[in-house]
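>>> sequence-free structure coming up:
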(Lines give C-alpha, C1' and ligand atoms only; values in the text may rest on other atoms or scores of the structure.)
Protein backbone atom coordinates (compact mmCIF):
# COMPACT_ATOMS: atom_id res chain seq x y z
CA UNK A 1 0.00 0.00 0.00
CA UNK A 2 1.37 3.48 -0.90
CA UNK A 3 2.00 5.96 1.96
CA UNK A 4 -0.73 8.22 0.50
CA UNK A 5 -3.32 5.44 0.55
CA UNK A 6 -2.27 4.23 4.03
CA UNK A 7 -2.53 7.71 5.58
CA UNK A 8 -5.75 8.52 3.72
CA UNK A 9 -7.34 5.33 5.04
CA UNK A 10 -6.25 6.02 8.65
CA UNK A 11 -7.52 9.61 8.53
CA UNK A 12 -10.86 8.57 7.02
CA UNK A 13 -11.44 5.67 9.43
CA UNK A 14 -10.24 7.69 12.47
CA UNK A 15 -12.53 10.60 11.61
CA UNK A 16 -15.48 8.30 10.89
CA UNK A 17 -15.05 6.25 14.11
CA UNK A 18 -14.62 9.39 16.23
CA UNK A 19 -17.74 11.06 14.88
CA UNK A 20 -19.78 7.84 15.17
CA UNK A 21 -18.87 7.57 18.88
CA UNK A 22 -19.62 11.24 19.44
CA UNK A 23 -23.02 11.09 17.73
CA UNK A 24 -23.92 7.88 19.62
CA UNK A 25 -23.01 9.50 22.94
CA UNK A 26 -24.88 12.71 22.19
CA UNK A 27 -28.00 10.80 21.09
CA UNK A 28 -27.91 8.75 24.32
CA UNK A 29 -27.50 11.95 26.33
CA UNK A 30 -30.52 13.56 24.66
CA UNK A 31 -32.62 10.39 25.13
CA UNK A 32 -31.73 10.30 28.82
CA UNK A 33 -32.67 13.96 29.15
CA UNK A 34 -36.02 13.33 27.42
CA UNK A 35 -36.75 10.30 29.65
CA UNK A 36 -36.06 12.24 32.83
CA UNK A 37 -37.88 15.31 31.47
CA UNK A 38 -34.83 17.42 32.32
CA UNK A 39 -33.63 19.17 29.16
CA UNK A 40 -29.87 19.61 28.84
CA UNK A 41 -30.15 23.35 28.24
CA UNK A 42 -26.86 23.19 26.35
CA UNK A 43 -26.99 26.84 25.31
CA UNK A 44 -26.86 27.84 28.97
CA UNK A 45 -24.11 25.39 29.99
CA UNK A 46 -21.68 26.39 27.24
CA UNK A 47 -21.98 30.07 28.11
CA UNK A 48 -20.33 29.52 31.44
CA UNK A 49 -17.12 27.51 31.40
CA UNK A 50 -16.79 27.16 35.15
CA UNK A 51 -20.42 26.08 35.66
CA UNK A 52 -20.26 23.51 32.90
CA UNK A 53 -16.79 22.17 33.55
CA UNK A 54 -17.15 20.14 36.75
CA UNK A 55 -20.19 18.24 35.49
CA UNK A 56 -19.68 17.94 31.77
CA UNK A 57 -16.01 17.83 30.89
CA UNK A 58 -13.50 15.01 31.26
CA UNK A 59 -9.90 16.17 31.54
CA UNK A 60 -7.95 12.97 32.15
CA UNK A 61 -7.85 9.38 30.96
CA UNK A 62 -8.35 7.83 34.48
CA UNK A 63 -11.45 10.01 34.97
CA UNK A 64 -12.71 8.83 31.58
CA UNK A 65 -11.94 5.17 32.39
CA UNK A 66 -13.95 5.37 35.64
CA UNK A 67 -16.97 6.78 33.78
CA UNK A 68 -16.74 4.03 31.15
CA UNK A 69 -16.41 1.26 33.75
CA UNK A 70 -19.90 1.95 35.12
CA UNK A 71 -22.89 0.30 33.44
CA UNK A 72 -24.50 1.80 31.50
CA UNK A 73 -21.48 3.95 30.59
CA UNK A 74 -21.89 7.70 30.80
CA UNK A 75 -22.99 9.06 27.38
CA UNK A 76 -20.62 11.99 27.91
CA UNK A 77 -17.74 9.55 28.43
CA UNK A 78 -18.62 7.88 25.10
CA UNK A 79 -18.46 11.31 23.39
CA UNK A 80 -15.06 11.95 25.01
CA UNK A 81 -13.74 8.60 23.73
CA UNK A 82 -14.67 9.88 20.27
CA UNK A 83 -12.80 13.14 20.95
CA UNK A 84 -9.69 11.23 22.07
CA UNK A 85 -9.85 9.05 18.93
CA UNK A 86 -10.05 12.21 16.78
CA UNK A 87 -7.15 13.90 18.61
CA UNK A 88 -4.96 10.81 18.17
CA UNK A 89 -5.79 10.23 14.49
CA UNK A 90 -3.12 12.55 12.93
CA UNK A 91 -0.37 10.88 14.98
CA UNK A 92 -1.67 7.43 13.99
CA UNK A 93 -1.56 8.69 10.40
CA UNK A 94 2.16 9.45 10.81
CA UNK A 95 2.69 5.92 12.19
CA UNK A 96 0.89 4.52 9.11
CA UNK A 97 3.11 6.67 6.86
CA UNK A 98 6.20 5.45 8.72
CA UNK A 99 5.25 1.80 8.15
CA UNK A 100 4.47 2.43 4.47
CA UNK A 101 7.77 4.28 3.89
CA UNK A 102 9.65 1.51 5.72
CA UNK A 103 8.06 -1.03 3.33
CA UNK A 104 9.24 1.10 0.41
CA UNK A 105 12.74 1.23 1.99
CA UNK A 106 12.52 5.04 1.94
CA UNK A 107 14.84 5.62 4.90
CA UNK A 108 14.81 9.40 4.53
CA UNK A 109 11.07 9.58 5.16
CA UNK A 110 11.17 6.94 7.89
CA UNK A 111 13.55 9.29 9.74
CA UNK A 112 11.28 12.29 9.05
CA UNK A 113 8.23 10.39 10.38
CA UNK A 114 10.11 9.34 13.54
CA UNK A 115 11.28 12.94 14.08
CA UNK A 116 7.71 14.20 13.59
CA UNK A 117 6.33 11.69 16.09
CA UNK A 118 8.96 12.76 18.64
CA UNK A 119 7.97 16.39 17.95
CA UNK A 120 4.26 15.62 18.37
CA UNK A 121 4.81 13.82 21.67
CA UNK A 122 7.10 16.60 22.93
CA UNK A 123 4.58 19.23 21.83
CA UNK A 124 1.82 17.36 23.65
CA UNK A 125 3.70 17.88 26.91
CA UNK A 126 5.05 21.37 26.14
CA UNK A 127 1.79 23.23 25.51
CA UNK A 128 2.47 24.01 21.86
CA UNK A 129 0.09 26.11 19.77
CA UNK A 130 -1.44 24.95 16.46
CA UNK B 1 -33.35 28.16 22.15
CA UNK B 2 -33.89 24.40 22.60
CA UNK B 3 -31.06 21.87 22.45
CA UNK B 4 -31.87 20.50 18.99
CA UNK B 5 -32.10 23.98 17.41
CA UNK B 6 -28.87 25.05 19.12
CA UNK B 7 -26.95 21.95 18.03
CA UNK B 8 -28.38 22.13 14.49
CA UNK B 9 -27.20 25.71 14.07
CA UNK B 10 -23.69 24.84 15.26
CA UNK B 11 -23.75 21.83 12.91
CA UNK B 12 -24.69 24.06 9.94
CA UNK B 13 -22.02 26.64 10.76
CA UNK B 14 -19.38 23.94 11.18
CA UNK B 15 -20.31 22.37 7.84
CA UNK B 16 -19.68 25.71 6.09
CA UNK B 17 -16.37 26.06 8.00
CA UNK B 18 -15.41 22.53 6.89
CA UNK B 19 -16.18 23.25 3.21
CA UNK B 20 -14.10 26.45 3.28
CA UNK B 21 -11.34 24.80 5.33
CA UNK B 22 -10.97 21.95 2.83
CA UNK B 23 -10.79 24.38 -0.10
CA UNK B 24 -8.49 26.95 1.51
CA UNK B 25 -6.22 24.69 3.56
CA UNK B 26 -7.30 26.26 6.85
CA UNK B 27 -8.70 24.69 9.99
CA UNK B 28 -11.86 26.76 10.10
CA UNK B 29 -10.99 28.36 13.44
CA UNK B 30 -10.83 31.77 11.82
CA UNK B 31 -14.55 31.40 11.07
CA UNK B 32 -15.68 29.17 13.94
CA UNK B 33 -14.28 31.04 16.95
CA UNK B 34 -15.96 34.39 16.20
CA UNK B 35 -19.25 32.72 15.23
CA UNK B 36 -19.37 30.45 18.30
CA UNK B 37 -18.57 33.29 20.69
CA UNK B 38 -20.51 36.16 19.09
CA UNK B 39 -23.60 34.40 17.72
CA UNK B 40 -23.98 31.31 19.90
CA UNK B 41 -22.73 32.76 23.21
CA UNK B 42 -20.17 29.96 23.68
CA UNK B 43 -17.43 30.96 26.13
CA UNK B 44 -14.04 31.69 24.48
CA UNK B 45 -12.13 28.70 25.99
CA UNK B 46 -14.80 26.27 24.71
CA UNK B 47 -14.76 28.01 21.31
CA UNK B 48 -10.96 27.69 21.16
CA UNK B 49 -11.17 24.02 22.17
CA UNK B 50 -13.79 23.43 19.47
CA UNK B 51 -11.54 25.23 16.99
CA UNK B 52 -8.58 22.91 17.68
CA UNK B 53 -10.88 19.92 17.25
CA UNK B 54 -12.25 21.40 14.02
CA UNK B 55 -8.70 21.73 12.64
CA UNK B 56 -8.10 18.01 13.21
CA UNK B 57 -11.53 17.05 11.84
CA UNK B 58 -10.95 19.21 8.73
CA UNK B 59 -7.55 17.62 8.30
CA UNK B 60 -8.97 14.09 8.64
CA UNK B 61 -11.81 14.66 6.18
CA UNK B 62 -10.00 16.84 3.65
CA UNK B 63 -6.58 15.18 3.70
CA UNK B 64 -8.15 11.71 3.35
CA UNK B 65 -9.75 12.89 0.09
CA UNK B 66 -6.86 15.02 -1.11
CA UNK B 67 -4.26 12.29 -0.51
CA UNK B 68 -6.22 9.65 -2.40
CA UNK B 69 -6.92 12.07 -5.30
CA UNK B 70 -3.23 13.01 -5.52
CA UNK B 71 -3.83 16.71 -4.86
CA UNK B 72 -2.04 16.64 -1.47
CA UNK B 73 1.66 15.79 -1.60
CA UNK B 74 2.47 13.56 1.41
CA UNK B 75 6.26 13.93 1.16
CA UNK B 76 6.01 17.70 0.90
CA UNK B 77 3.58 17.77 3.86
CA UNK B 78 5.75 15.61 6.12
CA UNK B 79 8.96 17.42 5.12
CA UNK B 80 7.51 20.88 5.82
CA UNK B 81 5.60 19.78 8.94
CA UNK B 82 8.95 18.89 10.44
CA UNK B 83 9.91 22.60 10.31
CA UNK B 84 6.52 23.81 11.57
CA UNK B 85 6.53 21.42 14.53
CA UNK B 86 10.18 22.26 15.33
CA UNK B 87 9.34 25.97 15.13
CA UNK B 88 6.32 25.46 17.39
CA UNK B 89 8.45 23.60 19.94
CA UNK B 90 11.02 26.40 19.85
CA UNK B 91 8.28 29.03 20.16
CA UNK B 92 6.66 27.29 23.13
CA UNK B 93 10.04 27.10 24.85
CA UNK B 94 10.70 30.80 24.21
CA UNK B 95 7.43 32.22 25.59
CA UNK B 96 8.35 35.29 27.62
CA UNK B 97 11.85 35.40 26.09
CA UNK B 98 11.09 36.26 22.46
CA UNK B 99 9.37 39.58 21.73
CA UNK B 100 6.03 38.15 20.55
CA UNK B 101 4.61 41.51 19.48
CA UNK B 102 7.62 42.39 17.36
CA UNK B 103 7.32 38.97 15.72
CA UNK B 104 3.61 39.57 15.12
CA UNK B 105 4.42 42.90 13.43
CA UNK B 106 7.07 41.20 11.31
CA UNK B 107 4.67 38.46 10.24
CA UNK B 108 1.91 41.03 9.66
CA UNK B 109 4.23 42.83 7.24
CA UNK B 110 5.18 39.51 5.61
CA UNK B 111 1.49 38.68 5.17
CA UNK B 112 0.81 42.13 3.71
CA UNK B 113 3.62 41.54 1.21
CA UNK B 114 2.19 38.07 0.48
CA UNK B 115 -1.21 39.64 -0.15
CA UNK B 116 0.45 42.01 -2.63
CA UNK B 117 2.20 39.06 -4.33
CA UNK B 118 -1.06 37.10 -4.36
CA UNK B 119 -2.83 40.02 -6.08
CA UNK B 120 -0.03 40.20 -8.67
CA UNK B 121 -0.31 36.51 -9.51
CA UNK B 122 -4.09 36.35 -9.08
CA UNK B 123 -4.61 35.20 -12.65
CA UNK B 124 -1.67 32.79 -12.85
CA UNK B 125 -3.22 29.33 -13.16
CA UNK B 126 -0.06 27.22 -13.21
CA UNK B 127 3.56 28.42 -13.04
CA UNK B 128 5.43 26.87 -15.97
CA UNK B 129 9.11 26.46 -16.83
CA UNK B 130 10.53 26.46 -13.30
CA UNK B 131 13.90 24.86 -12.67
CA UNK B 132 13.54 22.26 -9.95
CA UNK B 133 15.36 22.84 -6.68
CA UNK B 134 17.97 20.08 -6.11
CA UNK B 135 16.72 19.79 -2.52
CA UNK B 136 13.19 19.20 -3.81
CA UNK B 137 14.46 16.42 -6.06
CA UNK B 138 16.46 14.87 -3.23
CA UNK B 139 13.43 14.76 -0.93
CA UNK B 140 10.92 13.87 -3.66
CA UNK B 141 8.89 17.07 -3.21
CA UNK B 142 7.94 17.47 -6.88
CA UNK B 143 4.74 15.86 -8.10
CA UNK B 144 1.87 15.57 -10.57
CA UNK B 145 -1.86 16.04 -10.06
CA UNK B 146 -4.82 15.56 -12.37
CA UNK B 147 -6.53 18.93 -12.94
CA UNK B 148 -10.17 18.49 -13.91
CA UNK B 149 -10.59 22.16 -14.80
CA UNK B 150 -7.61 22.15 -17.19
CA UNK B 151 -8.42 18.62 -18.33
CA UNK B 152 -4.82 17.41 -18.03
CA UNK B 153 -2.16 16.25 -15.60
CA UNK B 154 -0.13 19.12 -14.16
CA UNK B 155 3.49 18.42 -13.19
CA UNK B 156 4.91 20.82 -10.62
CA UNK B 157 8.33 21.56 -9.16
CA UNK B 158 9.06 23.02 -5.75
CA UNK B 159 11.54 25.91 -5.78
CA UNK B 160 13.17 27.90 -2.95
CA UNK B 161 12.82 24.92 -0.61
CA UNK B 162 15.11 26.46 2.04
CA UNK B 163 13.12 29.70 2.08
CA UNK B 164 9.83 27.76 2.26
CA UNK B 165 11.15 25.70 5.15
CA UNK B 166 12.29 28.90 6.90
CA UNK B 167 8.79 30.41 6.56
CA UNK B 168 7.33 27.16 7.94
CA UNK B 169 9.70 27.33 10.90
CA UNK B 170 8.71 30.98 11.48
CA UNK B 171 5.01 30.11 11.26
CA UNK B 172 5.56 27.35 13.80
CA UNK B 173 7.50 29.74 16.02
CA UNK B 174 4.58 32.16 15.98
CA UNK B 175 2.13 29.32 16.71
CA UNK B 176 4.17 28.17 19.68
CA UNK B 177 4.55 31.69 21.02
CA UNK B 178 0.95 32.82 20.58
CA UNK B 179 -1.04 29.59 20.46
CA UNK B 180 -2.58 30.49 17.09
CA UNK B 181 -3.15 28.37 13.99
CA UNK B 182 -0.87 28.78 11.00
CA UNK B 183 -2.74 27.26 8.05
CA UNK B 184 -2.60 30.52 6.06
CA UNK B 185 1.19 30.75 6.46
CA UNK B 186 1.58 27.16 5.28
CA UNK B 187 -0.45 27.86 2.15
CA UNK B 188 1.44 31.09 1.44
CA UNK B 189 4.83 29.45 1.94
CA UNK B 190 3.94 26.80 -0.64
CA UNK B 191 2.09 29.06 -3.10
CA UNK B 192 4.13 32.28 -2.93
CA UNK B 193 7.60 31.11 -1.90
CA UNK B 194 7.83 27.57 -3.28
CA UNK B 195 5.66 28.42 -6.33
CA UNK B 196 3.51 25.32 -6.08
CA UNK B 197 0.02 25.22 -7.64
CA UNK B 198 -2.52 26.86 -5.29
CA UNK B 199 -4.70 23.74 -5.03
CA UNK B 200 -1.67 21.56 -4.16
CA UNK B 201 -0.71 24.15 -1.53
CA UNK B 202 -4.14 24.21 0.17
CA UNK B 203 -4.58 20.41 -0.07
CA UNK B 204 -1.12 19.75 1.41
CA UNK B 205 -1.76 22.38 4.10
CA UNK B 206 -4.91 20.44 5.03
CA UNK B 207 -2.74 17.41 5.76
CA UNK B 208 -0.21 19.46 7.74
CA UNK B 209 -2.63 21.43 9.95
CA UNK B 210 -3.88 18.22 11.57
CA UNK B 211 -0.33 17.31 12.59
CA UNK B 212 0.47 20.67 14.17
CA UNK B 213 -2.94 20.93 15.87
CA UNK B 214 -2.49 17.44 17.34
CA UNK B 215 0.61 18.69 19.17
CA UNK B 216 -1.47 21.30 21.03
CA UNK B 217 -4.77 19.42 21.37
CA UNK B 218 -3.74 17.54 24.51
CA UNK B 219 -3.31 20.81 26.33
CA UNK B 220 -6.82 21.99 25.47
CA UNK B 221 -8.19 18.58 26.48
CA UNK B 222 -6.30 18.60 29.79
CA UNK B 223 -7.60 22.09 30.59
CA UNK B 224 -11.17 20.92 30.00
CA UNK B 225 -11.64 23.32 27.10
CA UNK B 226 -13.01 20.69 24.70
CA UNK B 227 -16.66 20.51 25.74
CA UNK B 228 -18.14 17.19 24.57
CA UNK B 229 -21.54 18.62 23.66
CA UNK B 230 -20.06 21.46 21.58
CA UNK B 231 -17.38 19.18 20.11
CA UNK B 232 -19.90 16.71 18.62
CA UNK B 233 -21.78 19.00 16.20
CA UNK B 234 -18.54 20.83 15.37
CA UNK B 235 -16.66 17.61 14.52
CA UNK B 236 -19.58 16.16 12.56
CA UNK B 237 -20.23 19.39 10.66
CA UNK B 238 -16.59 20.04 9.85
CA UNK B 239 -15.99 16.44 8.76
CA UNK B 240 -19.02 16.42 6.44
CA UNK B 241 -18.10 19.92 5.20
CA UNK B 242 -14.53 18.88 4.48
CA UNK B 243 -15.73 15.85 2.46
CA UNK B 244 -17.87 18.25 0.41
CA UNK B 245 -14.94 20.69 0.12
CA UNK B 246 -12.66 18.01 -1.34
CA UNK B 247 -15.28 17.40 -4.07
CA UNK B 248 -15.73 21.13 -4.73
CA UNK B 249 -12.01 22.00 -5.03
CA UNK B 250 -11.62 19.61 -7.97
CA UNK B 251 -14.09 21.78 -9.91
CA UNK B 252 -12.31 25.05 -9.06
CA UNK B 253 -9.35 26.58 -10.86
CA UNK B 254 -6.17 27.59 -9.02
CA UNK B 255 -7.03 31.24 -9.66
CA UNK B 256 -10.49 30.87 -8.09
CA UNK B 257 -9.00 29.26 -4.97
CA UNK B 258 -6.44 32.09 -4.80
CA UNK B 259 -9.23 34.70 -5.08
CA UNK B 260 -11.11 33.02 -2.22
CA UNK B 261 -7.91 32.94 -0.17
CA UNK B 262 -7.00 36.61 -0.66
CA UNK B 263 -9.53 38.13 1.82
CA UNK B 264 -8.27 35.72 4.51
CA UNK B 265 -4.66 36.90 3.97
CA UNK B 266 -5.71 40.55 4.05
CA UNK B 267 -7.72 40.02 7.25
CA UNK B 268 -4.85 38.13 8.93
CA UNK B 269 -2.25 40.74 7.86
CA UNK B 270 -4.36 43.56 9.29
CA UNK B 271 -5.21 41.68 12.47
CA UNK B 272 -1.57 40.71 13.07
CA UNK B 273 -0.26 44.22 12.42
CA UNK B 274 -2.86 45.79 14.73
CA UNK B 275 -2.06 43.27 17.48
CA UNK B 276 1.67 43.64 16.96
CA UNK B 277 1.51 47.44 17.11
CA UNK B 278 -0.64 47.29 20.24
CA UNK B 279 -3.75 48.82 18.62
CA UNK B 280 -5.74 45.64 19.36
CA UNK B 281 -5.36 43.40 22.39
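Okay, I see it. These numbers come from a predicted model, not from an experiment.

>>> Residue for residue, what is the longest helix chain A has?
helix A:3-35 (DSSP state H).

>>> Check which helices and strands it is in contact with.
Packed against helix A:3-35 by the contact rule (3 or more C-beta pairs under 8 Å, 6 or more residues apart in numbering or on different chains; DSSP states H and E) you find helix A:75-103, helix B:3-24, helix B:44-69, helix B:74-93, helix B:228-249. Just so you know, the C-beta spots here come from the backbone N, C-alpha and C atoms, and that holds for glycine as well.

>>> Now do the SS call for the residue of chain A most remote from its centre.
Centroid-distance maximum for chain A: residue A:105 at 31.0 Å, with C-alpha atoms, centre = their mean. For residue A:105, the assignment made with DSSP: H, G, I helix; E, B strand; the rest coil gives coil.

>>> pLDDT weak spots in the stretch 151-281 of chain B?
B:179-181, B:281 (pLDDT under 70).

>>> Show me the helices in it, by range?
In the stretch 151-281 of chain B, the helices defined using DSSP state H, counting those that start in this stretch lie at B:161-178, B:183-188, B:198-222, B:228-249, B:254-276.

>>> how about CSV for those, with mean neighbour count added?
CSV is the format used below for these (neighbours: other C-beta atoms under 10 Å in any protein chain shown):
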stretch, mean neighbour count
helix B:161-178, 24
helix B:183-188, 28
helix B:198-222, 28
helix B:228-249, 26
helix B:254-276, 19
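
>>> For chain A, give me its nearest residue in the stretch 1-150 of chain B.
residue B:60 (3.4 Å; C-beta to the nearest C-beta).

>>> and the gap between that residue and residue A:29?
Separation of residue B:60 from residue A:29 (C-beta to C-beta, to the nearest Å): 23 Å.

>>> Next, name the residue at the spatial heart of chain A.
Closest-to-mean residue, chain A, C-alpha atoms, centre = their mean: residue A:84 / 2.2 Å.

>>> is it true that that one touches residue A:64?
Yes. The criterion here is C-beta atoms under 8 Å, and residue A:84 meets it with residue A:64 at 7.4 Å.

>>> Ramachandran angles for residue B:143?
When read as degrees, to the nearest 10, the backbone of residue B:143 gives phi -160, psi -170.

>>> Who is it paired with across the strands?
residue B:156 (DSSP bridges).

>>> which ones are touching it?
B:70, B:73, B:75, B:76, B:155, B:156, B:200 (C-beta atoms under 8 Å, 6 or more residues apart in numbering or on different chains).

>>> Any chance of JSON lines for those residues, columns distance to residue B:234?
Shown next, in JSON lines, are those (distance: C-beta to C-beta, whole Å):
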{"residue": "B:70", "distance to residue B:234": "29"}
{"residue": "B:73", "distance to residue B:234": "28"}
{"residue": "B:75", "distance to residue B:234": "31"}
{"residue": "B:76", "distance to residue B:234": "28"}
{"residue": "B:155", "distance to residue B:234": "38"}
{"residue": "B:156", "distance to residue B:234": "34"}
{"residue": "B:200", "distance to residue B:234": "27"}
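
>>> just the buried members of the residues you listed?
B:70, B:73, B:75, B:76, B:156, B:200 (16 or more other C-beta atoms under 10 Å in any protein chain shown).

>>> follow-up on the earlier one: nearest to residue B:165 among the helices and strands packed on helix A:3-35 would be which one?
Among the helices and strands packed on helix A:3-35, helix B:74-93 comes nearest to residue B:165, with 4.6 Å by C-beta to C-beta.

>>> thinking again about what came up before, who has more neighbours out of residue B:60 and residue A:29?
residue B:60 (32 against 22; other C-beta atoms under 10 Å in any protein chain shown).

>>> Leaving out chain neighbours, which residue sits closest to the more buried one?
residue A:15 (3.4 Å; C-beta to C-beta, 6 or more residues apart in numbering or on different chains).

>>> Take the helices and strands packed on helix A:3-35 and lay them out in a markdown table including distance to residue B:113.
Listed next are those as a markdown table, based on distance: least, C-beta to C-beta, whole Å:
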| stretch | distance to residue B:113 |
| --- | --- |
| helix A:75-103 | 31 |
| helix B:3-24 | 19 |
| helix B:44-69 | 26 |
| helix B:74-93 | 20 |
| helix B:228-249 | 26 |
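
>>> Residues of the stretch 51-200 of chain B that sit close to chain A?
Residues of the stretch 51-200 of chain B lying close to chain A by C-beta under 8 Å from any C-beta of the partner chain are B:52-53, B:55-57, B:59-61, B:63-65, B:67-68, B:70, B:72, B:74-75, B:78-79, B:81-82, B:85-86, B:88-89, B:91-93, B:139-140, B:175-182.
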